[in-house]
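> This is the structure alone, sequence omitted:
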């Protein structure tokens, strides 16, 4: 019978770490005293099994634990629960990697567009893509739409709502989406380019899908969603809806606590790479190294790996490093990411000079120049 | 104009911590370079404001920051985003307390039953309530229902699905709910008591509400939901649905990373107390001190405070300490919690002796005896 495996980093002496690995086997499945677990199917199959265990540094061990696919009930919510539900509450366990057989992966569509599909949609076959955000919060829909127009004229590929723009009175969702989508279309008419506007549909439980539909019907060509606020399965559900079928960008808001603890939580690779992809993110936004956040260069590289690591027939997604970046970072980022990246610059685009359109054009020309090298 | 406040614990020297407090003001609202924030409404009102700042230990400061209520768009998702969205990704910030004015609190119904309502429903006016879980995963619906019957005969007040039971093939949701609800009713008919069965409706995005409805229509008298897996707003939405109107128990799965880092994340008080209540949890489940998890006695006390701290007209919720507890912990727990508590014992009930009904009766008699002292 089919099983899937999770690689955990476990802290402690060898004996402690092994006992913790054994604890995972019970805690994440039967949650029952070991001596009382019924023999047979439950004991032999449903309880997790340690398939690999070895040292990985001082008081650090790596354990691969396999679980029966039946434990997940074919649900992403329950898969995540088996991977890290109760264990999240115990210190000293970190999810490093998720290894799923095709029998599970086949249940997920993953990114609808993926890297290739997004490049086709945007008609940008090779260079890194350019991504920015409409901000600051507090501007009217008209002013945000004017910004969107300028960004698009300047050659940006994807213009998203800032993730804090939802349905505030000063820029209500429907009005904002209509105006921003129209502004980008108008600019496309002038430039002949294929810039898209991505609407933020992070919303109350019952409004996520209706906002997605409204956005699509009113000209948005992409969607932004923060799974830390709405749950990963809301994103999966959105990604699999054929009536919506727009590229999805995953925002990391409210997710930081999973990756900040080096001794617990979930690895950058698994969270921003594998899990985002399983949930259908075409682009996964995360804070770049060297910006105003704390991710290291190595952690960012590991996210890139998570976006392309083989996962059955799931498409690769685009890494979208952002967060306090400036245009001057681009040459260094090209060294790390190559061309298979979406550069997200928000406030930094305003900072470069007084003319926003010129700033965008400079950003674009720099990306084109360095990515040809 | 009305504002709400968040108390953050911030790490660093005084200068670093103050700069971080200033950073929160921008990062959680306009997410824009300080020097470019438009003057007027945005600068004066939408950007967060430090209203209090003081030392709280070595390299530890407490900052109270006020935000305009307009930033939240009257949405729980966006409120949580302002409280901790991007800041979650930066080390050195911890949400300690959420202070909301009535203008925000009035938007939320909070726990529909609350402590008093739950006591009325269960007809248990004074003593601690008894809570257990159907497990282990892998048993058939029939066997789980037989356990439910025995638990109810033994005098348990609330019997929930183990949080890992969702819709697995060996105990499908609908079948399990029907049989377990019926078994508890049968036992109630024999005992004259008012035990309730709480169905786990942690489920894919589109199935949460339909499972809740199915559970209600088929005799479940309570619901279990893990907001870490489905998002807090799914719980709020459920709690405010007058057509469902069942007590809700919040499960901590996948939430541990928020509280494990002492230098970052969200306090136990705010997460398991205030936020769970805002989302409508009538009972908030968390790992007790001294069990197989790591919470301290002080952290558990702080959760209790969060369940009763004044929050406008929101009802108090019940603390539900559980997780590796045994019956022998009860006398000590009474010292900490008094009578206003729901004791959740799962595997420990099976461990006490060979006869499950007798174990439950002993649990009940012990609780009755010590809570009379």
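Received, thanks. As the structure is a prediction and not an experimental result, all values here were calculated from the model.

> Please report how far the spatially most central residue of chain A lies from residue A:248.
With distances taken as CA atoms, centre = their mean, the residue of chain A nearest its centroid is residue A:284 (3.2 Å). Between residue A:284 and residue A:248 the computed distance is 10 Å (CB to CB, to the nearest Å). Where you see a C-beta, it was placed from the backbone N, CA and C, and this is true even at glycine.

> what ranges do the strands span in the stretch 101-250 of chain A?
Assigned by DSSP state E, counting those that start in this stretch, the stretch 101-250 of chain A shows strands spanning A:129-134, A:158-161, A:196-200, A:222-225, A:248-250.

> okay if I get those as a markdown table plus mean pLDDT and distance to residue B:116?
Output for the strands of the stretch 101-250 of chain A, formatted as a markdown table (pLDDT from 0 to 100; distance: least, CB to CB, whole Å):
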| stretch | mean pLDDT | distance to residue B:116 |
| --- | --- | --- |
| strand A:129-134 | 97 | 46 |
| strand A:158-161 | 98 | 42 |
| strand A:196-200 | 98 | 39 |
| strand A:222-225 | 98 | 38 |
| strand A:248-250 | 98 | 41 |
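
> so which of those gets nearest chain B?
Nearest to chain B among the strands of the stretch 101-250 of chain A is strand A:129-134; the distance by CB to the nearest CB comes to 7.8 Å.

> thinking again about what came up before, mind putting the strands of the stretch 101-250 of chain A in CSV, distance to chain B and mean neighbour count included?
Output for the strands of the stretch 101-250 of chain A, formatted as CSV (distance: least, CB to the nearest CB, whole Å; neighbours: other CB atoms under 10 Å in any protein chain shown):
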stretch, distance to chain B, mean neighbour count
strand A:129-134, 8, 26
strand A:158-161, 11, 29
strand A:196-200, 10, 27
strand A:222-225, 10, 26
strand A:248-250, 13, 28
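
> Those strands: which one's closest to residue A:27?
In terms of CB to CB, the element of those nearest to residue A:27 is strand A:248-250, at 28.0 Å.

> just so I have it, where are all the helices in the stretch 1-150 of chain A?
For the stretch 1-150 of chain A, helices defined by DSSP state H, counting those that start in this stretch occupy the ranges A:14-27, A:41, A:76-84, A:102-105, A:114-122, A:141-153.

> Deepest-packed of those, please.
Sort the helices of the stretch 1-150 of chain A by mean neighbour count, taking mean count of other CB atoms under 10 Å in any protein chain shown, and helix A:76-84 sits at the top with a mean of 26.

> is it anywhere near chain B?
Yes - Helix A:76-84 comes into contact with chain B (CB under 8 Å from any CB of the partner chain), by way of A:76, A:77, A:78, A:80, A:81, A:82, A:84.

> okay but the second one is in contact with residue B:166, surely?
Just to be clear, that refers to residue A:77. Yes - at 7.2 Å, residue A:77 counts as touching residue B:166 under the criterion of CB atoms under 8 Å.

> what is in contact with these two at once?
B:202, B:203 (CB atoms under 8 Å, 6 or more residues apart in numbering or on different chains).

> thinking again about what came up before, just the pLDDT for the residue nearest to the centre of chain A.
On the pLDDT scale, residue A:284 is placed at 98.

> Equivalent analysis for residue A:373, please.
So, for residue A:373, pLDDT stands at 64.

> helices or strands up against the worst-scoring helix or strand of chain A on mean pLDDT?
Least confident element among the helices and strands of chain A, by mean pLDDT, DSSP states H and E: helix A:347-351 (a mean of 88). Judged by 3 or more CB pairs under 8 Å, 6 or more residues apart in numbering or on different chains; DSSP states H and E, helix A:347-351 is in contact with helix A:356-372.

> Pull out the buried residues from the helix it packs on.
For helix A:356-372, a neighbour-count test (16 or more other CB atoms under 10 Å in any protein chain shown) marks A:356, A:359, A:360, A:362, A:363, A:364, A:366, A:367, A:370, A:371 as buried.

> what sits against the last one?
Counting by CB under 8 Å, 6+ apart, residue A:371 touches A:126, A:127, A:128, A:334, A:339.

> Quick one, which of those residues are buried?
Applying 16+ other CB under 10 Å to those flags A:127, A:128, A:334 as buried.

> which ones are touching the closest residue in space to the second one that isn't next to it in sequence?
In this case it means residue A:128. The shortest distance from residue A:128 to any non-neighbouring residue, by CB to CB, 6 or more residues apart in numbering or on different chains, is to residue A:341 (4.8 Å). Residue A:341 makes contact with A:128, A:129, A:304, A:318, A:319, A:320, A:321, A:333, according to CB under 8 Å, 6+ apart.

> Show me these that map onto strands.
A:129, A:318, A:319, A:320, A:321 (DSSP state E).

> give the contact list for residue A:37.
By CB under 8 Å, 6+ apart, the neighbours of residue A:37 are A:26, A:30, A:43, A:47, B:136.

> just residue A:243 next, same as before
residue A:213.

> ok, back up a step: tabulate the buried residues of helix A:356-372 (JSON lines), appending distance to residue A:52.
As requested, the buried residues of helix A:356-372 are arranged in JSON lines below (distance: CB to CB, whole Å):
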{"residue": "A:356", "distance to residue A:52": "53"}
{"residue": "A:359", "distance to residue A:52": "51"}
{"residue": "A:360", "distance to residue A:52": "49"}
{"residue": "A:362", "distance to residue A:52": "50"}
{"residue": "A:363", "distance to residue A:52": "46"}
{"residue": "A:364", "distance to residue A:52": "47"}
{"residue": "A:366", "distance to residue A:52": "45"}
{"residue": "A:367", "distance to residue A:52": "42"}
{"residue": "A:370", "distance to residue A:52": "42"}
{"residue": "A:371", "distance to residue A:52": "40"}
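
> now residue A:44: how far from residue B:138?
10 Å.

> pretty sure residue A:108 contacts residue A:314?
Yes - with contact defined as CB under 8 Å, residue A:108 reaches residue A:314; the gap is 6.6 Å.

> For chain B, state which of the ones in strands among the contacts of residue A:341 is nearest.
residue A:321 (12.5 Å).

> Can you report how many residues lie near the closest one?
28 (other CB atoms under 10 Å in any protein chain shown).

> Ignoring the adjacent residues along the chain, who's closest to it?
residue A:288 (3.5 Å).

> and that neighbour, what does it touch?
Residue A:288 neighbours (CB under 8 Å, 6+ apart): A:295, A:300, A:321, A:322, A:323, A:324, A:325, A:329, A:333.
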